[in-house]
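fold the stuff below for me.
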Amino acid sequence: MQTLHYIVLFFIISLIKCQSPEQLYDELFQAVQIQRIFSDSKTFCDVIPRQLNPNAILDLYRQEYSKPAFNLTSFVYEHFILPNTTTVVHEKWTIEEHCHRLWPLLTRTTKEEKFSSFIDVPHPFIVPGGRFREFYYWDTYFTMLGLVRSNQMDLINNMLDNFAFLLNKIGLIPNGNRNYYEGRSQPPFFSLMTELANQTNKYKKELEAEYQFWMKKRNITLDDGSILNRYYDDLNDGPRPEAYVEDRETAHKSNDTDIYAHIRAAAESGWDFSSRWMDDEKDLSTIRTANILPVDLNCLLYHLELTLGKQAEADRRRQAIQKYMWSSDLQFFTDYNHVLKKSTNRLTLAALFPLWLDISTKEQGEYVAQKVESMFLRDGGVVTTVSNQSTQQWDSPNGWAPLQFVTYRALLKVPGYETVARTIRNRWMNLNERVFRDTGKMMEKYDVVNINKPAGGGEYETQDGFGWTNGVYLEMLHDQQMISNSIKYRMNIFQMIFILCLIFFIL
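Below you'll find the model as predicted:
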């Protein structure tokens, strides 16, 4: 009988463990968020109960909340342990030392905490920093670029194993390893990660599992039979727990019954939020992400198909990208609205993915490169979009490390635009270095238009740390040093030849 009791108890704990915070704490969760006990909606999603289990805390709240002396803030602090944030400033480090030495400070493991919102994984992983206390899927690729330069291959392999574990366990790599992210993924960079680590053959089964997720749950068949993919979220009937109040406010302004699906789909894209997804770039409530087939997502799936040896599928996708996502009017790659059956006509750095992943033609590459130089290039790098009215964080004037990297590497492939590519790299690195000199920090995003002003927009304050910024900086620094060493080598050779010629002439 006692054994049965323990089995039932374990089952109940396991069931509760799988529940996200808004399920565990029900009206208490809603009250904490709506009354803004914390300025960041994500904070309460990451708390851990002190002594009582969630059911006991919820029962106590239901008994106490209507009493005149009840104080919700005191109740929360009494019964919950609040999460920490990661802030690192070291005045004596150079920026290169900072990036190399920060990895141990951003490394985490999950501890099998009861009633934590963590999705447990078996190996250590890198978090971005600040409020982001878990790994994020697409961030990890750009973080890995830096880990390679820091000779942290064991950590890279650990994170690949974590992703493989999740694909085998829940059938996708989630947005991040929190149970409130479990309904959505993020841009599918796993095939690029395995390629970076030269481990593709090891993870063929898991790469196929990821492909099946995107093709079964995120596929759209167009009128001509072409299949392209979109972002979505399988848990789309309410606000995101980590942005509960913000999403409710957006939904209140919208007349679209699918507003939460569109918001959550944008979160899966990683571009949350951007005028790229909006009918009216000044109004987030006009977001339509789930109606849009994104060019960058489909380029990444093209790479995944090639990695899996699905040549016929890759060829069909490439043709569909060319048909639906190349605008001959704009001479630029754009997203495609499959509901309206037309291009979105938004100019964004997502257009660089077809160049980076070898889908564009030579002429298309030149047209895109011309527009990047004339419309996107600023004093601190390249702006995310050319929107001049949006206040969203994935719009001008902000620049983000992953898009600086993709744009830089894409333009290196366009003959005649290598200098523009290196200009983007150098301006971005200079901005990183200037902010680091002033603050001792690497930031999540930067204002690339007014380089003396901090970046803005979004649902939270700009975070520091920062995983993908550090990774891209170290990779760009490596490129820069390689070119510098090559020039020095050629100069030394020239000097030696000159001296030998001079000696020969004298003799």
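
next up, the contacts around Lys323.
Ser226 (CB atoms under 8 Å, 6 or more residues apart in numbering). For the C-beta atoms, the positions are set from N, CA and C on the backbone; glycine is no exception.

my bad, Phe142
Contacts of Phe142 (CB under 8 Å, 6+ apart): 401-402, 405, 467-468, 471-472.

could you rerun that using 7 Å?
By CB atoms under 7 Å, 6 or more residues apart in numbering, Phe142 lies in contact with 401-402, 405, 468, 471-472.

mind giving me the PyMOL select for those residues, buried ones only?
Command for PyMOL that selects the buried part of those, burial taken from 16 or more other CB atoms under 10 Å:
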select buried, resi 401+402+405+468+471+472
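
just for the stretch 51-200 of the chain, where's the confidence low?
86-90 (pLDDT under 70).

Val372 against Gly381, yeah?
No - counting by CB atoms under 7 Å, Gly381 is not a contact partner of Val372; they are 10.9 Å apart.

who has more neighbours, the two?
The residue with more neighbours, out of Val372 and Gly381, is Gly381; 29 against 26, by other CB atoms under 10 Å.

is that one in a bridge, and if so with what?
On the basis of DSSP bridges, Gly381 is bridged to Arg378.

what about the strands in the stretch 401-507 of the chain?
Applying DSSP state E, counting those that start in this stretch to the stretch 401-507 of the chain gives strands spanning 445-447.

could you look up the SS state of Thr140?
helix (DSSP: H, G, I helix; E, B strand; the rest coil).

flag the shaky bits of this protein, pLDDT-wise.
Residues of the chain that meet the cut-off, pLDDT under 70, sit at 1-18, 86-90, 460, 484-496, 498, 502, 507.

go again with 50.
Scanning the chain for pLDDT under 50 picks out 1-17.

mind listing what the closest residue to Asp280 other than its chain neighbours touches?
The spatial neighbour of Asp280 that comes closest, neighbours along the chain excluded (CB to CB, 6 or more residues apart in numbering), is Thr286 at 4.4 Å. When contacts are counted by CB under 7 Å, 6+ apart, Thr286 touches 278-280.

for Phe70, give me its contacts.
Per CB under 7 Å, 6+ apart, neighbours of Phe70: Glu64.

contacts for stretch 191-207?
By CB under 7 Å, 6+ apart, stretch 191-207 touches 140-141, 144, 148, 156-157, 160, 164, 167-168, 190, 303-304, 307-308.

which parts of that stretch are buried?
In stretch 191-207, counting by 16+ other CB under 10 Å, buried: 191-194, 196-197, 199-200, 203, 206-207.

same deal with stretch 241-249?
In stretch 241-249, counting by 16+ other CB under 10 Å, buried: 241-244, 246-248.

same question, stretch 432-449
Neighbour-count burial for stretch 432-449 [16+ other CB under 10 Å]: 432, 435-436, 440-449.

closest to Phe29 out of those?
Nearest to Phe29 among the buried residues of stretch 432-449: Glu444, at 26.4 Å, using CB to CB.

just give the nearest non-adjacent residue to that closest one, would you?
Distances taken as CB to CB, 6+ apart put Gln463 closest to Glu444, at 4.4 Å, once the chain neighbours are dropped.

how much space between that neighbour and Lys441?
10 Å (CB to CB, to the nearest Å).

now swap in Trp468 and tell me
14 Å.

kindly report the same for Arg346.
Arg346 is 31 Å from Lys441, by CB to CB.

tell me the two of the buried residues of stretch 191-207 that are most distant?
Leu196 and Glu206 (15.4 Å).

CA atoms of stretch 391-403 as CSV?
The C-alpha trace of stretch 391-403 is given here as CSV (Å, rounded to 0.1, in the frame of the first residue of the first chain):
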residue,chain,number,x,y,z
THR,A,391,8.8,51.2,-32.4
GLN,A,392,9.4,47.4,-32.4
GLN,A,393,12.8,46.1,-31.4
TRP,A,394,13.3,44.1,-34.6
ASP,A,395,13.2,47.2,-36.7
SER,A,396,15.3,50.3,-37.4
PRO,A,397,17.3,51.7,-35.7
ASN,A,398,18.3,48.5,-34.1
GLY,A,399,21.0,46.1,-35.2
TRP,A,400,21.3,42.5,-33.9
ALA,A,401,24.4,40.3,-34.0
PRO,A,402,22.9,37.3,-35.9
LEU,A,403,21.7,39.5,-38.8
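
now that stretch: buried residues?
392-403.

likewise stretch 348-368?
For stretch 348-368, by 16+ other CB under 10 Å, it's 348-357, 359-360, 364-368.

can you check stretch 120-131 too?
121, 124-131.

could you dump those into JSON lines and include secondary structure and distance to His478?
Formatted as JSON lines, the buried residues of stretch 120-131 follow (DSSP: H, G, I helix; E, B strand; the rest coil; distance: CB to CB, whole Å):
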{"residue": "Val121", "secondary structure": "coil", "distance to His478": "29"}
{"residue": "Pro124", "secondary structure": "coil", "distance to His478": "24"}
{"residue": "Phe125", "secondary structure": "strand", "distance to His478": "23"}
{"residue": "Ile126", "secondary structure": "strand", "distance to His478": "18"}
{"residue": "Val127", "secondary structure": "coil", "distance to His478": "23"}
{"residue": "Pro128", "secondary structure": "coil", "distance to His478": "21"}
{"residue": "Gly129", "secondary structure": "strand", "distance to His478": "22"}
{"residue": "Gly130", "secondary structure": "strand", "distance to His478": "25"}
{"residue": "Arg131", "secondary structure": "coil", "distance to His478": "29"}
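
turn those residues into CSV, columns for distance to Gly456.
Compiled in CSV, the buried residues of stretch 120-131 are given as follows (distance: CB to CB, whole Å):
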residue, distance to Gly456
Val121, 33
Pro124, 33
Phe125, 29
Ile126, 26
Val127, 23
Pro128, 18
Gly129, 18
Gly130, 15
Arg131, 16
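
between these, which is nearest Lys67?
Arg131 (32.8 Å).

for that closest one, what are its contacts?
Arg131 touches 40, 42, 85, 460, 463, counting by CB under 7 Å, 6+ apart.

if you rank these by neighbours, which is first?
Going by other CB under 10 Å, Lys42 tops those with 22 neighbours.

list phi and psi for the residue nearest to it when sequence neighbours are not counted.
Residue nearest to Lys42 in three dimensions, not counting chain neighbours: Glu242, with 4.1 Å by CB to CB, 6+ apart. Glu242 has phi and psi values of phi -80, psi -10 when expressed as degrees, to the nearest 10.

now the one 5 residues further on
Main-chain torsions, Asp247, degrees, to the nearest 10: phi -70, psi -40.

widest-spaced pair of the buried residues of stretch 432-449?
Top of the distance list for those (CB to CB): Gly440 and Val449, 23.5 Å.

the residue nearest to Asp358 when sequence neighbours are not counted: how many residues sit nearby?
Spatial nearest neighbour of Asp358, excluding adjacent residues (CB to CB, 6+ apart): Lys413 at 7.7 Å. Neighbourhood size, Lys413 [other CB under 10 Å]: 17.

was I right to think Lys413 contacts Leu355?
Yes - shown here, Lys413 and Leu355 form a contact pair, counting by CB under 7 Å, at 6.0 Å.

what do those two both touch?
The contact lists of Lys413 and Leu355 share Gly365, where a contact means CB under 7 Å, 6+ apart.

I'd guess Phe115 is in a strand, am I close?
No - counting by three-state DSSP, one finds Phe115 to be coil, located in no strand.

which phi and psi does it have?
Dihedral angles (degrees, to the nearest 10) for Phe115: phi 70, psi 20.

cool, and Met278?
phi -110, psi 140.

what residues does it make contact with?
Taking CB under 7 Å, 6+ apart, one finds 284, 286-287 in contact with Met278.

try 8 Å this time
Neighbours of Met278 in contact, by CB under 8 Å, 6+ apart: 284, 286-288, 390, 392.
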